[in-house]
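> Provide a 3D model corresponding to the input given below.
(one chain, ligands or ions: 1)
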Amino acid sequence: MSSRHAARPGPAVLVIFGAGGDLTWRKLIPALYSLHAAGRLTPAFAVFGVDKKEMSTEEWCQHLREGVDQFSARGKADPAAWDRFAGGLQYMAADFASTDALRVLAGRIDEQEKTWGKPANHIFYLAIPPGLIETIVCQLGEAGLAIDHHATRVVVEKPFGHDLASAGELNTTLATVFEEDQIFRIDHYLGKETVQNILVFRFANALFEPIWDRSYIDHVQITVAETVGVEHRAGYYEHAGALRDMIQNHLLQILCLVAMEPPVSLAADEIHNKKVDVLHAVRPIPEDCVFDFAVRGQYGAGFIGGDRVPSYRSEPGVAPDSAIETFAALKLYVDNWRWQDVPFYLRTGKRLPTRASEVAIQFRPVPHQAFPDAAVVDWQANRVVIRVQPEESIQIRFQVQQPGLEVRLSPADLQFCYREAFSAVPPDAYETLLLDVLAGDRTLFMRADQVQAAWSLIAPVLDAWDAVPPAGFPNYPAGTWGPEAATALIARDGRNWYSPPLAST
Ligand code: BG6
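Residues are numbered from 1 along each chain as shown. Prediction:
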């Protein structure tokens, strides 16, 4: 999608704030180690971990290696490769709010560059709770660490704000120290190979784009289903909920890729402009009938894969009367020439029956049915399903004549499965995104206006849900496809949800 694979990125010091946290342990270091082991990083590459906890570099490395052993796509760390990689890791215990500490950090970066004998890019990765971002950004400015525009980048994790106002404030804070082209706002879904493939599927094939509009498409469904519950993240999730956690970012990004106009090139701004156009075209959800367009749910106790699991309200750290939604479904319209009156149904939830992220493009029926009634009892309109995970694939449903003497149509599927077609395992999203940060390619990151447009789109729903406490939570048992109201949301339009296969969890 981007130019990242063309060349190995130049010398770089990556500073991770929040070096002792879960993200660093599960995602960032395993991804960096994989890139290192695959020869994608330059030898002049160092990672400086910063966190409050006192620990030595050796202890930090030991902890990180356990993370790699558990979470790396390549399996356990190879001892020799790990030692080479760990040689570039340094830990620094520091108070994020201290300018002095950041001056010490600046000194260490200087020393590192002297050792290499060349200047490096400086990347500041904020793997920290949102409340600390402003402090660190200001301290980076104070300590003179953001002066070199061309060599300095900052990476900001989600959640990017809590609502439209706070996202705007965060953008303003970042803009006091950094230029927009230095800011990399992460949405890890954009790093997933199959999400990027939506653009390839649409714009590198002549077959689909001519029929990719309201004349041929009846509606679109985007489902991101998870079997996991809130896990150990109640502290965060109790202030977020499914709409903020998943729809504001991941699902709306997917919607943009499905609905955007063809880009002229893959330049970052060109892609961002086309995506923002989609968000701006989404019909605002009317404040007085939010509940006709949005459904929320919360899981009760139930069964996942045969195992009994507790209700959300019984999870550790969750309030016994929590009103936070673990399921959200939306109906949206994109008001432009291509999509006028084509509904986009979005849904996501925790503790659903299977783990699956997919986009289903449901085509309209043929305009004239020439076949006798008896021949078309099993008839179904065409459908394209783009499966993002766990089994990356594209499926096209069409009609065939059933073997036999009578005319009898039957739906059949053409399936392209990545795993079968290519022996290579797709890179983890964080590998892709970290390599892009190192290369300075912002195509797969979110621009300030995009984030704000996404917040303003869901603002009426957040407001309405805040104003009216949910009645009847929990309203779906774990292991089911969400509350009945979600079925009703789409059934009112004479349609139903296409449910991903249950096979993999
Ligand atoms: C994160 C959300 O952004 O995405 C989590 O905060 C969610 O709640 C996760 O579980 C899902 O990501 P993936 O890559 O497992 O689909």
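
> from Val425, how far off is whatever residue of the chain ends up closest to the ligand?
When scored by C-beta to the nearest ligand atom, the chain has Asp245 as its residue closest to the ligand, at 4.7 Å. Where C-beta positions appear, they are placed from N, C-alpha and C, glycine not excepted. For Asp245, the distance to Val425 (C-beta to C-beta, to the nearest Å) stands at 27 Å.

> okay, helices next: where are they in the stretch 101-250 of the chain?
Using DSSP state H, counting those that start in this stretch, the helices found in the stretch 101-250 of the chain span residues 133-142, 164-177, 193-203, 234-237, 242.

> picking that back up, who has more neighbours, Asp245 and Val425?
Taking other C-beta atoms under 10 Å, Asp245 and Val425 do not tie; Asp245 has more neighbours (23 against 11).

> dump the residue contacts of the more buried one.
159, 237 (C-beta atoms under 8 Å, 6 or more residues apart in numbering).

> tell me the pLDDT of it.
Among the per-residue scores, Asp245 shows a pLDDT of 96.

> distance of it relative to Leu346?
Asp245 is 13 Å from Leu346, by C-beta to C-beta.

> if we can go back for a sec, deepest of the helices of the stretch 101-250 of the chain, which one?
Per-stretch averages of neighbours, counted by mean count of other C-beta atoms under 10 Å, single out helix 242 among these, with a mean of 26.

> which residues are contacting it?
Applying C-beta under 8 Å, 6+ apart, the external contacts of helix 242 come out as 296, 325-328, 348-350.

> would you mark the buried spots in the lowest-mean-pLDDT helix or strand in the chain?
Using mean pLDDT, DSSP states H and E, helix 418-421 stands out as the lowest-scoring helix or strand of the chain, at a mean of 88. Going by neighbour count (16 or more other C-beta atoms under 10 Å), the buried part of helix 418-421 is Tyr418.

> tell me how far it lies from the chain's centre.
22 Å (C-alpha atoms, centre = their mean, to the nearest Å).

> same question, stretch 319-333
18 Å.

> do stretch 231-249 as well
Stretch 231-249 has its C-alpha centroid displaced from the chain centroid by 13 Å (C-alpha atoms, centre = their mean).

> Ser499 touches Trp481, doesn't it?
Yes - under the criterion of C-beta atoms under 8 Å, Ser499 makes contact with Trp481 at 6.3 Å.

> shared neighbours of those two, anything?
Common neighbours of Ser499 and Trp481 (C-beta under 8 Å, 6+ apart) are Pro353.

> so the two - more neighbours on which side?
Neighbours per residue, other C-beta under 10 Å: of Ser499 and Trp481, the larger number sits with Trp481, 21 against 15.

> enumerate every residue touching that one.
Counted by C-beta under 8 Å, 6+ apart, Trp481 has contacts 225, 349, 352-353, 487, 497, 499.

> which one among these gets closest to Gly131?
Gly349 (27.0 Å; C-beta to C-beta).

> need the phi and psi values for the closest one.
phi -170, psi 160 (degrees, to the nearest 10).

> and the protein, which residues reach the ligand?
When proximity is defined as C-beta under 6 Å from any ligand atom, the chain approaches the ligand at 158, 226, 245, 357.

> may I ask which of these has the most neighbours?
Of the residues of the chain next to the ligand, with other C-beta under 10 Å as the count, Ser357 tops at 25 neighbours.

> in a strand, that's where that residue is, yeah?
Yes - when DSSP: H, G, I helix; E, B strand; the rest coil is applied, Ser357 is found to be in a strand.

> quickly list what it is bridged to.
Val224, Gln389 (DSSP bridges).

> was I right about it contacting Val224?
Yes - with contact defined as C-beta under 8 Å, Ser357 reaches Val224; the gap is 4.5 Å.

> what comes up buried for stretch 286-306?
Here stretch 286-306 shows 290, 293-302, 304 as buried, counting by 16+ other C-beta under 10 Å.

> of those residues, which belong to strands?
Cross-referencing the buried residues of stretch 286-306 against strands under DSSP state E gives 294-297, 299-300, 302, 304.

> ok, those vs Leu462, which is closest?
Taking these together and measuring to Leu462 by C-beta to C-beta, the closest member is Ala294, at 9.6 Å.

> tell me the contacts of the closest one?
Contacts for Ala294 (C-beta under 8 Å, 6+ apart) come out as 243, 285, 328-331, 461, 464-465.

> looking at these, which two lie furthest apart in space?
Lys331 and Trp465 (15.4 Å).

> got any ranges where the stretch 401-505 of the chain has weak pLDDT?
Applying pLDDT under 70 to the stretch 401-505 of the chain flags the ranges 503-505.

> where do the helices sit along the stretch 251-400 of the chain?
252-259, 268-281, 290-293.

> ignore the last one, the stretch 401-505 of the chain
According to DSSP H, counting those that start in this stretch, the helices that the stretch 401-505 of the chain contains are 418-421, 429-439, 448-467, 484-491.

> OK, contacts around the closest residue to Ile198 other than its chain neighbours?
Computed as C-beta to C-beta, 6 or more residues apart in numbering, the closest residue to Ile198 that is not its neighbour in sequence is Leu257, at 4.3 Å. The neighbours of Leu257, taking C-beta under 8 Å, 6+ apart as the test, are 195, 198-199, 275.
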